[in-house]
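Participant: structure, please.
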Amino acid sequence: MDITEKNIEIPKTFYKRYFEKNALVRISYEMLSFLWYKKGSFINPLKKNEVLNKYIDEEIENFYGKNLLILPQIEFCITTKCTLKCKDCCALIPELDKRHRMEMSFDDFKLYFDTLINNVDGIRRFVILGGETLMHPELVKMIEYAVSEEKITCVELITNGTILPKQDLIDCIKKSNGKVLIYISNYKDNLELTKILKTDEIEKIFRENNIKYQKLKDNHWYKEGGFSDSPDDKETTKEKLINCYRMQCNQVINGFLYICSKASAGEYLMGGGISDGIDIINSKNLRKELIDFYNKQYFDACSYCVKYDENVQPALQI
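Facilitator: Below is the predicted model of the structure:
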């Protein structure tokens with residue numbers, strides 16, 4: 001589609017968060033599918049940029065030409081319970097008091113999930129995380145429900161490597177026929193976690209059950225600065241957002257969609273001073289709000305966010 005002929009000017013943030021991200025997710029999933037399951041076609045890494053540009057053009061055509069709304073990535077935080085208490089947790093979970101801790105019920109999961117699905121044409125990457133996801137008693141039901149939805153391309157599960165997967169979870173993953181992707185955090189270099197980490201055992205279980213997984217690099221985290229008492233100006237915040245590695249997270253928690261998990265924590269930690277979330281259930285026009293959300297260049301949470309570029313040891317404990 002030639003958008004110049006239609007006089008369409010795509011804002012930089014919308015282009016990067018929606019069109020480019022959709023294309024990148026497609027490439028990532030297709031490369032893994034071919035590598036692991038010999039599904040689809042081989043993408044030559046040397047031609048990755050060529051494929052990326054092709055997919056971006058296709059995503060632009062999908063949106064403007066076919067009126068399709070396909071979300072590149074949505075995270076569902078199903079619990080703030082965690083086996084760790086990380087100093088630089090990007091979700092600020094250790095700072096939440098008991099009133100603001102949560103565990104999403106399966107009924108709520110289904111309600112939020114169905115509402116989103118009924119207002120979009122697809123979700124390419126659906127991520128289930130925490131806290132620590134394997135602590136949730138209804139995790140398997142949630143995975144099975146998400147896998148059964150045809151509008152979902154892949155379901156990703158993230159675990160910090162401290163809990164061994166139970167048999168029902170193993171069976172669920174195996175039955176998904178490759179639709180569930182497992183990501184294990186890699187905190188082996190953090191010696192204070194030596195006694196609690198079960199990464200080797202988890203990998204052994206997955207290998208024995210022929211379950212594919214990826215171990216995240218986690219070579220470093222960024223120092224977490226929390227929130228400032230005063231906001232940055234609008235132009236500074238726009239620049240901060242467009243360069244933030246977390247602007248693609250788009251997390252659902254307590255029925256609201258936020259730009260990231262830190263933004264959701266900020267609504268509580270800042271005493272209501274931050275309110276950027278989309279109310280999924282009570283939205284009068286959720287499809288439009290989702291488009292506006294991806295098109296948004298400025299979030300209150302970003303204006304108060306203190307962002308450091310300093311690298312720190314992953315998962316240092318408080």
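Participant: can you map out the helices along the stretch 101-250 of the chain?
Facilitator: Counting by DSSP state H, counting those that start in this stretch, the stretch 101-250 of the chain has helices at residues 106-117, 139-147, 167-175, 199-208, 234-242.
Participant: quick check: which of those helices is nearest to Gly161?
Facilitator: Among the helices of the stretch 101-250 of the chain, helix 199-208 comes nearest to Gly161, with 4.1 Å by Cβ to Cβ. Quick note: C-beta positions are derived from backbone N, CA and C, even for glycine.
Participant: for that closest one, name the packing helices and strands.
Facilitator: strand 180-184, strand 213-215 (3 or more Cβ pairs under 8 Å, 6 or more residues apart in numbering; DSSP states H and E).
Participant: compare those strands and give me the one nearest Ile253.
Facilitator: strand 180-184 (19.0 Å).
Participant: same for that closest one, what does it pack against?
Facilitator: strand 152-159, helix 167-175, helix 199-208, strand 213-215.
Participant: buried sites along that strand?
Facilitator: Neighbour-count burial for strand 180-184 flags Val180, Leu181, Ile182, Ile184 (criterion: 16 or more other Cβ atoms under 10 Å).
Participant: quick check: beta-bridge partners of the third one?
Facilitator: With DSSP bridges applied, Ile182 shows beta-bridge pairing to Leu157, Tyr213.
Participant: same check on Leu71?
Facilitator: Judged by DSSP bridges, the bridge partners of Leu71 are Ile123.
Participant: show me the contacts for it.
Facilitator: By Cβ atoms under 8 Å, 6 or more residues apart in numbering, Leu71 lies in contact with Leu116, Val120, Gly122, Ile123, Arg124, Asn250, Leu290, Tyr294.
Participant: pick the one among those residues closest to Glu138.
Facilitator: Leu116 (18.4 Å).
Participant: the closest one contacts Ile280, correct?
Facilitator: Yes - counting by Cβ atoms under 8 Å, Leu116 touches Ile280, with 6.4 Å between them.
Participant: joint contacts of these two?
Facilitator: Common neighbours of Leu116 and Ile280 (Cβ under 8 Å, 6+ apart) are Val252, Leu286.
Participant: please export the C-alpha coordinates of the helix-or-strand element of the chain with minimal mean pLDDT as PDB.
Facilitator: None of the helices or strands of the chain scores lower by mean pLDDT, DSSP states H and E than helix 261-269, at a mean of 87. What follows is helix 261-269, C-alpha atoms only, in PDB (Å, rounded to 0.1, in the frame of the first residue of the first chain):
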ATOM      1  CA  SER A 261       4.300  -3.000  34.600                       C
ATOM      2  CA  LYS A 262       6.100   0.000  36.200                       C
ATOM      3  CA  ALA A 263       3.300   2.300  35.000                       C
ATOM      4  CA  SER A 264       0.700   0.100  36.700                       C
ATOM      5  CA  ALA A 265       2.700   0.100  40.000                       C
ATOM      6  CA  GLY A 266       3.000   3.900  39.700                       C
ATOM      7  CA  GLU A 267      -0.800   4.300  39.900                       C
ATOM      8  CA  TYR A 268      -0.600   3.000  43.400                       C
ATOM      9  CA  LEU A 269       2.800   4.200  44.500                       C
END
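Participant: scan this protein for its longest helix.
Facilitator: If you go by DSSP state H, the chain has its longest helix at helix 21-37.
Participant: related to what we said a few turns ago, quick one: which of the helices of the stretch 101-250 of the chain is nearest Ala315?
Facilitator: Among the helices of the stretch 101-250 of the chain, helix 199-208 sits nearest to Ala315 (Cβ to Cβ), with 11.9 Å.
Participant: buried residues in the closest one?
Facilitator: Applying 16+ other Cβ under 10 Å to helix 199-208 flags Thr199, Ile202, Ile205, Phe206 as buried.
Participant: excluding its backbone neighbours, what's nearest the last one?
Facilitator: The one in question is Phe206. Spatially, and ignoring its direct neighbours in sequence, Phe206 is nearest to Tyr213 (5.0 Å; Cβ to Cβ, 6 or more residues apart in numbering).
Participant: that neighbour against Tyr183, yeah?
Facilitator: Yes - counting by Cβ under 8 Å, Tyr213 does reach Tyr183; the two are 7.1 Å apart.
Participant: rewinding a little: what's the neighbour count on the residue nearest to Phe206?
Facilitator: By the criterion of other Cβ atoms under 10 Å, Tyr213 has 18 neighbours.
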